[in-house]
Each structure stands twice: as structure tokens, then as C-alpha cells.
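**Student:** here are the coordinates; sequence isn't available:
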């Protein structure tokens, strides 16, 4: 029950922070991807099933609130939740450097996947993909840099479950 | 064993979720979701605007509270003032009653009670600048012919004579100024008890005639309405003497006076309307 409440609260707070605050707190349109950080956090918390499910829910929510192919982000976040929960299970998620690197890597995977799908669906037009490289890199770094803070907050927030 | 089962369940769930995701991606759901999203936005829009309104209202809460406190303080002050005025009014009623009784007992003539009607000058012809102007109040506001018209002299902080109403219409009236050549006003030199006549000659000056030859007058002496006037009350300021001309073989001397009302631009005039007995009674009963 506690797990359910915790995950529900995380879902609500993350969505609020991601969709409401991004309009006001962005710097030149760059804003950390808190949802991705939360999915990675859940994946590293030895909760693979929850990470997958939450990744899928977060992805669907992002699809609803964004313009694009519906279901794409749901698939990507589910993959991140599942794969990261298996591959990085033995990493110490409390180390800042680990958090930074894993979230950066997750970001790269996310951006590349999105870019690749759009690249394939737009019949090989590279223009869109190449023109967004710099902003996406900056966004990935900003997200990775925010990861330790989010991890710290979530660790504090997570009571004995 | 349990760990293995959990891992297997995770993998199965992963496959299911991925399949659902792909079905969303390639099932052509995007346009349908966009339509639903647009519909939901359309339905929720009034609520969003209301929420926005509430948020903006909250921003002004501090200002509103300050305004409320200020209004409350003003209200308290006005209540006190109101109480004072009510007390004064009660005293006035008593004095008025006493005055009426005394007037009856002593068979004295009663002082005219008047009410002030403030009117804006709606027209003033340059060719008749010192002769006439038109007011925006008329019969509807209780005006009639032969009423005295005054104005407030800001420089000297007093009311001064301007003219009298000569034509009255429903919502306007025409005023003949005291400087009009058709006008002659019985006046006196303030503090000297010298009765004379102020005649207008279509300029800002008045000709003061019938001043006794021996009268001790000098430039700057103030001219006020005398008791002989049937229109203005006594002692209403009119002007001041600027020049005196003495004729050797005449019983009277003549002076020139400048009118007070010309010292500032006239925008508004005050018409003194006598209060009828009925209205007076109504006021007292209030």
C-alpha cells in the first residue's frame, strides 16, 4: 500500500513539475527532464516491474501532453525502465558521479531513440535531427546535472517501504 | 525461485507494455488522441480561465486587504463626522424653531433662505463676453428669472456677484452679467456706508456713479451690493475701485471699478434659489 502511495505521489509530483513548471522555469527553452530522472531512479531501486510500469505511464502522459507520435515515449521509457533496471542493478545509485553518468546515458538513449524514429518516419531527412543536436546535448547535460538533486529529494521522500 | 518468477513476470510485462506501445504507435491512434486532447482543452478552457482569474486575484489580496483597512478607517472617521453633523443639525433645528417663533412674536421680516444650484457655463459668445452667458441648468432644476448668479473667486476665496438670470428654459438659462450695459446694480463702498450705483458698459469695468462729492473714497476700496438691491443679498462683493474722476461743478463723482468675477476664468456659477416654505418644512422634519 505504501509503495502504491509513494509511486502515485511520485507520478503526480513529477508530472506537475515537468508539465507545469517547465513553462515558467526554463532557461532559453532548456529544462531538465525530471520524468527521465525518476524512471532511472526507480530502475536503479531494484524495482524493475515498477520502473517498467511507471516508465510506461510517464511515457503515455508525456505523449498526451506533447505533439508527436502517440506511444513513442511510452515505449522508450518502458525500455529504459526495463533495461536500466537489469544492466545497472549493481551500481551504487547513491554516488553522485554514478547518478550523473547513468542519467546522461539514459538521456542519450532517449534522444537518440526519438531522433531515430523520427528520422525513419520522415524517410531519411537528416535536417531535423542534425539541427537539434546542440540544444539536445545541452538538455541532456542539464538533466544529468539535475539528477543528484532529484535523487537526493527522492531518497529523503522515500520512507520505509 | 521467487526472484526468478519476479524476473519472468517483469520480462512478460515488458513485452506486453512494448506491444501496447507499438500498437499505439502504428495503430494510427495519434490523430484520435489529438482530437480527444483538443476536445478536453475545449471543455476545460473556462475552468482554466477561472483558475487563472483566481490566481491573479490572489496576487492582489494584499492590496485588497490594505484597501479594506483604509476604507474601514475612513468609514469610522465618516461615522464620527456624521454623528457631529447630526448633532449640529439637531441644534440647527432648535435654533431655527426658536428663530421662527421669535420672528412671529416680534413681527420681524424673515431673512430669505436660499439653496445653491451649481451650474456649468455651457456657452459664452466672445462678442457678448461681458454681457451674457448660458448656463446648463434651467426650470428643471428650479431656476427662474431674476435669480442672482454668483461665482467663487479662488484668488480671494469668496463668492462674488456675476449677474442675474433673465431667460429660463427647461434645461438652460441665460444670464445677464453685471457688466452688461443694460444692468445697474445698487452698491455701496464697504465700511463707509456710501450708497451708489454700479453701471455696466460691456467691459470688465463698472462705472460707479452717484458717489457724493464729499465721500472719502480711494483706489482699492471694495464695492459690495447694498441693501437696496432686490436681487442680491446685502454685502455680496462686486469689485474694487481702480480710478476716481472728480468733476468740479457736479454734486457727484464717478469712479471706475474692476469686477471680481473677471479675476479668474468662469467655469461654474452658483445660482441662489430661494427655498420655498414647503421645502423648508421638509428639511426641518428631516
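**Tutor:** On my side now, so go ahead. Here the structure is a predicted model, which means the values were calculated and not measured.

**Student:** what about the chain, any weak spots by pLDDT?
**Tutor:** Because you didn't say which chain, this covers chain A. Within chain A, the set of residues satisfying pLDDT under 70 comprises A:23-25, A:46, A:122-131, A:158-161.

**Student:** wrong one, I was asking about chain B
**Tutor:** Scanning chain B with the threshold set as pLDDT under 70 gives B:1-4, B:6, B:44-48, B:59, B:108-112, B:248, B:276-286.

**Student:** could you pull out the strands for it?
**Tutor:** Assigned by DSSP state E, chain B shows strands spanning B:114-123, B:132-135, B:148-153, B:158-168, B:173-177, B:184-189, B:194-200, B:205-212, B:222-225, B:237-245, B:252-259, B:268-274.

**Student:** Can you list the helices and strands that the fourth one packs against?
**Tutor:** Using 3 or more C-beta pairs under 8 Å, 6 or more residues apart in numbering or on different chains; DSSP states H and E as the contact criterion, the elements in contact with strand B:158-168 are strand B:148-153, strand B:173-177, strand B:237-245, strand B:268-274. Every C-beta, even on glycine, is put in place using the N, C-alpha and C of the backbone.

**Student:** Looking at the strands of chain B, spot the one closest to residue A:41.
**Tutor:** Taking C-beta to C-beta as the criterion, residue A:41 comes closest to strand B:114-123 out of the strands of chain B, the separation being 75.8 Å.

**Student:** Stretch B:50-58 and chain A, are they touching?
**Tutor:** No: with C-beta under 8 Å from any C-beta of the partner chain as the threshold, stretch B:50-58 lies outside contact range of chain A, at a closest distance of 11.7 Å.

**Student:** just to revisit the earlier point, kindly reformat the strands of chain B as JSON lines containing mean neighbour count.
**Tutor:** Putting those into JSON lines (neighbours: other C-beta atoms under 10 Å in any protein chain shown) gives the following:
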{"stretch": "strand B:114-123", "mean neighbour count": "15"}
{"stretch": "strand B:132-135", "mean neighbour count": "21"}
{"stretch": "strand B:148-153", "mean neighbour count": "21"}
{"stretch": "strand B:158-168", "mean neighbour count": "21"}
{"stretch": "strand B:173-177", "mean neighbour count": "23"}
{"stretch": "strand B:184-189", "mean neighbour count": "22"}
{"stretch": "strand B:194-200", "mean neighbour count": "21"}
{"stretch": "strand B:205-212", "mean neighbour count": "20"}
{"stretch": "strand B:222-225", "mean neighbour count": "22"}
{"stretch": "strand B:237-245", "mean neighbour count": "18"}
{"stretch": "strand B:252-259", "mean neighbour count": "20"}
{"stretch": "strand B:268-274", "mean neighbour count": "19"}
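
**Student:** is it possible to export the ones you listed to a markdown table including distance to residue A:98?
**Tutor:** Written out in a markdown table, the entries for the strands of chain B read as follows (distance: least, C-beta to C-beta, whole Å):
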| stretch | distance to residue A:98 |
| --- | --- |
| strand B:114-123 | 83 |
| strand B:132-135 | 90 |
| strand B:148-153 | 86 |
| strand B:158-168 | 91 |
| strand B:173-177 | 94 |
| strand B:184-189 | 104 |
| strand B:194-200 | 103 |
| strand B:205-212 | 102 |
| strand B:222-225 | 99 |
| strand B:237-245 | 96 |
| strand B:252-259 | 97 |
| strand B:268-274 | 84 |
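
**Student:** Residue A:29 is nearest to which of those?
**Tutor:** Taking C-beta to C-beta, strand B:114-123 is the member of the strands of chain B nearest to residue A:29, at 59.2 Å.

**Student:** which residues are contacting that closest one?
**Tutor:** Contacts with strand B:114-123, where a contact means C-beta atoms under 8 Å, 6 or more residues apart in numbering or on different chains, come from B:133-137, B:141-143, B:172-173, B:266-275, B:279.

**Student:** same for chain A: which of these are within range?
**Tutor:** With the criterion set as C-beta under 8 Å from any C-beta, no member of the contacts of strand B:114-123 is near chain A.

**Student:** Helices along chain A, start to end?
**Tutor:** Counting by DSSP state H, one finds helices in chain A at the ranges A:2-15, A:22-25, A:34-44, A:48-65, A:72-87, A:96-121, A:127-131, A:133-157.

**Student:** winner for burial among these?
**Tutor:** Burial of these is given as mean neighbour count (mean count of other C-beta atoms under 10 Å in any protein chain shown); helix A:34-44 ranks first at a mean of 27.

**Student:** by contact count, what packs against it?
**Tutor:** Judged by 3+ C-beta pairs under 8 Å, 6+ apart, the packing partners of helix A:34-44 are helix A:2-15, helix A:48-65, helix A:72-87, helix A:96-121, helix A:133-157.

**Student:** With distance to chain B added, can I get those in CSV?
**Tutor:** Listed next are the helices and strands packed on helix A:34-44 as CSV, based on distance: least, C-beta to the nearest C-beta, whole Å:
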stretch, distance to chain B
helix A:2-15, 14
helix A:48-65, 4
helix A:72-87, 3
helix A:96-121, 8
helix A:133-157, 21
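
**Student:** which residues does the closest residue to residue B:200 other than its chain neighbours contact?
**Tutor:** Nearest in space to residue B:200, with sequence neighbours left out and distances taken as C-beta to C-beta, 6 or more residues apart in numbering or on different chains, is residue B:179 at 4.1 Å. Contacts for residue B:179 were tallied using C-beta under 8 Å, 6+ apart; they are B:130-131, B:200-206, B:259, B:262.

**Student:** switch the cut-off to 7 Å
**Tutor:** For residue B:179, the set of contacting residues under the criterion of C-beta atoms under 7 Å, 6 or more residues apart in numbering or on different chains consists of B:130, B:200, B:202-204, B:206, B:259.

**Student:** what does residue B:97 give?
**Tutor:** Residue B:97 touches nothing, counting by C-beta under 7 Å, 6+ apart.

**Student:** I'd like the distance between it and chain A.
**Tutor:** The spacing between residue B:97 and chain A, counted by C-beta to the nearest C-beta, to the nearest Å, is 72 Å.

**Student:** check contacts around the closest residue to chain B within chain A.
**Tutor:** The nearest approach of chain A to chain B comes at residue A:71, 2.7 Å away (C-beta to the nearest C-beta). Residue A:71 makes contact with A:63, B:21, B:24-25, B:29, according to C-beta under 7 Å, 6+ apart.
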